[in-house]
Structures are given as structure tokens and as C-alpha cells.
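> Fold the stuff below for me.
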Amino acid sequence: MVSILAPALALGLALIVQPERELGAVSVFLLAVVAASVAGGIRAGIGSSVLGFLALNYFFTEPLHTLRVHNRDDVVALVVFFVVALLVGWVVARAVSERDRATRREREARLLNLFATKALSGEPLDRVLNDLAAALVDALRLASCSIHAEAAGRTYEVRRARPDTDDGTIVEVPISSGDVRFGTLTASRPAREEFPPEDHRLLESAANQIAVGLERTSLDAEIAAARLDAETSRARAALFSSVTHDLRTPLASIKTAVTSLLQVEVRFDPAQARELLQTVLEETDRLNRLVGNILGLAQVRSGALQPVKEPTALDEIVEAVLHRLEPTFGSVRVRTMFRDAPDVPVDPVLIDQVLSNLLENAVRFSPPAGEVTVSVAPWRSAVQVRVADQGPGIPPEDRDRVFEPFTQLASTAPDATGGSGLGLAISRAIVLAHGGRIWIEGTPGGGTAVVFELPARETAPVPQEAAAREGGR
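Take a look at the predicted model:
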């Protein structure tokens, strides 16, 4: 159509501006060849050249209105025009084609760079795919673009469409890497429009980039699963080592004391016998608390931790725990600070376990002749209990991590001995089950204060966090 329209317009213009019908109209037809080559490519340029040659011969060369040429000079002029028109048409069409090809390559590079940048930015893959589909719709002027893919056990469904545009020609491009097929990229042109080959190639390149991203996601999932398996194995090994050590220590002390008492050939005076029996009692209590912590952790992970609440004075529980643990304090002094606090609905047995764990930690990490302070005070609509020691303290960056099971920080306290790393894990779970909260603060002297609050009224339990994030010291 362009190859016919351009010479026709040139003819009309030449007849207007060249009433004497001189061969100056050649420039007008050359202009028509250039316009046809720009608009329609090399074929339109050739067609316009042929029609321009015929029009010049018929309307502007003697004898007029015939294709015969009498003058030799006119023959040369027509042939030169035809050759020049062909060359101009070819050069212009080639330049336009190269320009379009460069534009397409720039567009393709921009789209693929967009996808690569977003994929490397760490954004969620579904958002990256959504942005890529939108970019394809805008760049290729598609009616719609949809992506369906599966990777790492997850399905990705993305669709972007141009408003008020009906789907026409549909092209489906497989998203695959090697022999692995992840899904399909589907694109549609508006009605009555075909897909140019270069657009199809761009869709294939986009599908290849998507396959690379999905393959990376699959590999990341495999690496994460392998890392999780390794961490699980290390945690199990740590659990086995820690629990075995902490079980063997009191059992060895109990066995040593009982074996000594059973030796017939050895006579102990009443003070020595009482000391051995006291050792048995203390190690039995320690063993009982360790087993209780292990059972408590199992209850937390199974969701079976259900406190049986009754109105209780927390200072009475503190006194009972201090009386029971007093033989284990050694040279560490324990000071209490009680303010008038209301009774709170708690499970006395579970809160006893919390205080026992916190006091054992505080004494273990305190220096010889150090002081541990236990305070109970009302705070807004709750009662706050604080257990503070004069130990080495816990760095702020580790105060959340110590609430993870089996976490044992390196200590600089002279007499500190390692625990099972379950104390704070169980304490936190029990406090959350009562609807309270627990945290760690520093003290002016550089020690550690573990603080927990329990609501003064019946409160729903706080949802337990994942076991891997629950704490222990």
C-alpha cells in the first residue's frame, strides 16, 4: 500500500508544481521513494521506485501519456533515476532496519536487565515475575501476559493484561532449563495482530531468564533444607551431649555418697553422714529439676503446657524457693525486696519452676561472695518479679539468643559451670502460658537482671513462638 500511495502523492504534487511537465519532478519522486522505504521497508522502496519510473515516463517524458521515449537523453535520465531510486530506497530501508534492530536489542537488554536486577535484589520471586509480566505487556504492547510455573514445591501464577484489550494471537513459550520444565509463559497480541519474529525471540529470552531464576530458587531451597538438616543434627547432638552430661553429674554424686555410706568397713560420724545425705538430697533435687525442664520443653513443643491457675502471692513462692535452694547458694548472698503486691492467678508449681531456674542461673554466674537480689513489686496491671545478679552480664546482642534451647554463652564468672541451656527456655514458655512476658536487662554493676511480669487478672496465654526461637541460658 505504501509503495503505491507514495508515488501517487508524488505524482499529484509534481503535476501541481511542474505545470510545464519538466523532469524537475524527479526530486519529488525520489522523496516518495525515501518516504516509502522509511514507512514500508525495502520492498516498499523498490515498488515505489518502479512506479515512480513509470510515472516519470508516462506523464513527464515526450511523447506524453505513452511509455515510448524518443529522446536518448530522456532514456539516460530515466535509467539513472531508476538506479538512484533503487539505491536510495535500499540504503534508507537498511538504515531504518538497523535502527529498529538496535531499538529492539536495547529493549530486550533493558527487560532482561530489569529481571536480573530484581532477581539479584532479593525481592520475592512472585513480585519479580509480576513486574516482568507488566514490563513485557508495556514493551511489546501485548494484550496480556501470564506466567505459570512451579519450583521448590511452590506454584507461581502471574497475569498482567492491558485494559480494554481483547486477546488475539496467543503464543506459549516453555519455561525450562535443560530437561527440567518449570512452566509456561503465555503472551497474546491484541485482536487481528500477529507476533513479529523478534517479539517471539524476546519472549523466549524472558522465559530463559525466568527458568534461571526458578532454578536458583530450587537450589536455594535445597541448600536451606540441607542447612536445616545439618543444624537439626547439631542440635540433636548438643541435646544428647548436654543432657547426658547434666544427668551423669548428679547421678555420679548420688552414687558416690550412697556407696560411701554403704561401706561397712568405714565408720562416719553423724556430721559426715549428714553431709553425704545432704549431698544426695541436693543432687536429687537438681536431677529432678533437670528432668522437669526436659519434660517441660517436651510439653511446650507438643502444645500441652496448660497451667492450673489459682490466686497466689508471688512473694510466698519466692520464699519457698529460697528456702529449698538455700543449701546451693554457697557464699552467694540472696537479698529480697518485697512490696505490697496483689495475688495473681498462676500455677504455683510452674512459677516455682521459673524462679528455681532463674535463681540457679543467677547463683551459677555470680562471683564468690556476690549478691543476688530478688524483688517482687506491682507494676501497672501486673506484678513484676526481678532476679538480678552481679555476674559478667549478657551483651545486648545476645539477650534474645539466650532464650533459644541449649544456648550456653561463654562466662567469665570464676565459679560458673555450664547448664543444660533449658532454664530460660522453660521459664519463658511458662510465663507466656500465663499471659505474661519475660526479658533481660543489664544492671548498673554490670550484671544481669531477668525480669518477668504476670497479669493481676486472668489473661489469655500469649501464643508460643517456634521452639527454635524459645530461649534458654
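
> Which strands or helices does whichever strand or helix holds A135 pack on?
A135 is part of helix 125-140, with elements assigned from DSSP states H and E. Helix 125-140 is packed against helix 72-120, strand 144-151, strand 154-161, helix 197-262, with contacts defined by 3 or more CB pairs under 8 Å, 6 or more residues apart in numbering; DSSP states H and E. To be clear about C-beta, it is placed using only N, CA and C from the backbone, and glycine gets the same treatment.

> now the angle from the last one to strand 154-161?
Between helix 197-262 and strand 154-161, the angle formed by their directions is 150 degrees, by axes from the mean of the first three to the mean of the last three CA atoms, to 10 degrees.

> After helix 197-262, which helix or strand is next?
Criterion used, DSSP H and E; the element after helix 197-262 is helix 270-302.

> next structured bit after that next one?
Per DSSP H and E, the first helix or strand lying C-terminal to helix 270-302 is strand 310-312.

> now for that following strand, which elements pack on it?
Partner elements for strand 310-312 (3+ CB pairs under 8 Å, 6+ apart): strand 344-346, helix 348-364.

> May I have the strands that pair with the next helix or strand after the longest one, each with its orientation?
To tie it back to what came earlier, the one meant is helix 348-364. Going down the chain from helix 348-364, the next helix or strand is strand 371-379, by DSSP H and E. Strand 371-379 sits in its sheet next to strand 333-338 (parallel), strand 382-388 (antiparallel), going by DSSP bridges.

> got the buried residues for the shortest one?
Applying a neighbour-count criterion of 16 or more other CB atoms under 10 Å, one finds V334 buried in strand 333-338.

> what does stretch 312-324 give?
Quick answer for stretch 312-324 (16+ other CB under 10 Å): T312, A313, L314, D315, I317, V318, V321, L322.

> cool, and stretch 273-290?
Buried, per 16+ other CB under 10 Å, within stretch 273-290: L276, T279, V280, E282, E283, D285, R286, L287, R289, L290.

> re the thing from before, so what touches the helix holding A135?
Helix 125-140 has contacts (CB atoms under 8 Å, 6 or more residues apart in numbering) with 107, 110-111, 114-115, 118-119, 142, 144-147, 149, 156, 158-162, 187, 199, 202-203, 206, 209-210, 213-214, 217.

> Give the ChimeraX command for selecting the buried subset of those.
Under the burial definition 16+ other CB under 10 Å, those of the contacts of helix 125-140 that qualify are selected in ChimeraX by:
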select :107,111,114,115,118,119,142,144,145,146,147,149,156,158,160,161,162,187,199,202,203,206,209,210,213,214,217
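
> circling back to that earlier point, please produce TSV containing the strands paired with strand 371-379, extended by mean pLDDT and distance to V76.
Listed next are the strands paired with strand 371-379 as TSV, based on pLDDT from 0 to 100; distance: least, CB to CB, whole Å:
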stretch	mean pLDDT	distance to V76
strand 333-338	93	119
strand 382-388	94	109
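
> Now distance to L247 too, for these, in CSV please.
Formatted as CSV, the strands paired with strand 371-379 follow (distance: least, CB to CB, whole Å):
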stretch, distance to L247
strand 333-338, 27
strand 382-388, 26
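
> what's the closest of those strands to A224?
Closest approach to A224 among the strands paired with strand 371-379 (CB to CB): strand 382-388, 38.0 Å.

> elements contacting the helix or strand just after that closest one?
Once the chain leaves strand 382-388, the next helix or strand it forms, by DSSP H and E, is helix 423-433. Packing partners of helix 423-433 (3+ CB pairs under 8 Å, 6+ apart): helix 270-302, helix 348-364, strand 437-442, strand 448-455.

> In TSV, list these along with distance to A135 and mean pLDDT.
Output for these, formatted as TSV (distance: least, CB to CB, whole Å; pLDDT from 0 to 100):
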stretch	distance to A135	mean pLDDT
helix 270-302	46	77
helix 348-364	56	90
strand 437-442	47	91
strand 448-455	52	93
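
> got the ones you listed as TSV, with distance to I394 columns?
Listed next are these as TSV, based on distance: least, CB to CB, whole Å:
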stretch	distance to I394
helix 270-302	20
helix 348-364	10
strand 437-442	6
strand 448-455	5
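
> Which of these sits closest to V83?
Closest among the helices and strands packed on helix 423-433, once you apply CB to CB, is helix 270-302, at 89.6 Å.

> what sits against G213?
By CB under 8 Å, 6+ apart, G213 lies in contact with F115, A119, L125, V128, L129.

> farthest-separated two in those?
F115 and L125 (10.7 Å).

> Assign L185 to helix, strand or coil.
Put simply, L185 is strand when judged by DSSP: H, G, I helix; E, B strand; the rest coil.

> pretty sure it contacts A206?
Yes: with contact defined as CB atoms under 8 Å, L185 counts as touching A206 (6.5 Å).

> shared neighbours, these two?
Counting by CB under 8 Å, 6+ apart, the shared contacts of L185 and A206 are V173.

> ok so, going back, would you list the buried residues of stretch 273-290 in TSV and tack on distance to L67?
TSV is the format used below for the buried residues of stretch 273-290 (distance: CB to CB, whole Å):
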residue	distance to L67
L276	133
T279	128
V280	129
E282	125
E283	123
D285	122
R286	119
L287	118
R289	116
L290	113
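
> Among the residues you listed, which one sits closest to I170?
When the buried residues of stretch 273-290 are compared against I170 (criterion: CB to CB), the nearest one is L290, at 67.6 Å.

> Tell me how far the closest one lies from Q353.
Distance, L290 to Q353, by CB to CB, to the nearest Å: 11 Å.

> Check I46 too.
For I46, the distance to Q353 - CB to CB - is 95 Å.

> cool, A369 as well?
For A369, the distance to Q353 - CB to CB - is 28 Å.

> and those two? which has more neighbours close in?
Per other CB atoms under 10 Å, whichever of A369 and Q353 has more neighbours is Q353, with 20 against 10.

> for the closest residue to I351 other than its chain neighbours, helix, strand, or coil?
In space, and not counting its chain neighbours, I351 is closest to I317: 5.4 Å by CB to CB, 6 or more residues apart in numbering. Per three-state DSSP, the local secondary structure of I317 is helix.

> wait, I317 sits on L355?
Yes: using CB under 8 Å, I317 is in contact with L355, at 6.3 Å.

> any weak-confidence spans in the stretch 351-473 of the chain?
Within the stretch 351-473 of the chain, the segments meeting pLDDT under 70 span 405-421, 463-473.

> how about a cut-off of 80?
For the stretch 351-473 of the chain, the stretches flagged by pLDDT under 80 are 400-401, 403-423, 445, 458-473.

> follow-up on the earlier one: next, give me the two most distant ones among the buried residues of stretch 312-324.
Counting by CB to CB, the most remote pair of the buried residues of stretch 312-324 is T312 and L322, 16.0 Å apart.

> Excluding chain neighbours, what is closest to S381?
Using CB to CB, 6+ apart, the closest residue to S381 is A456 (5.6 Å).
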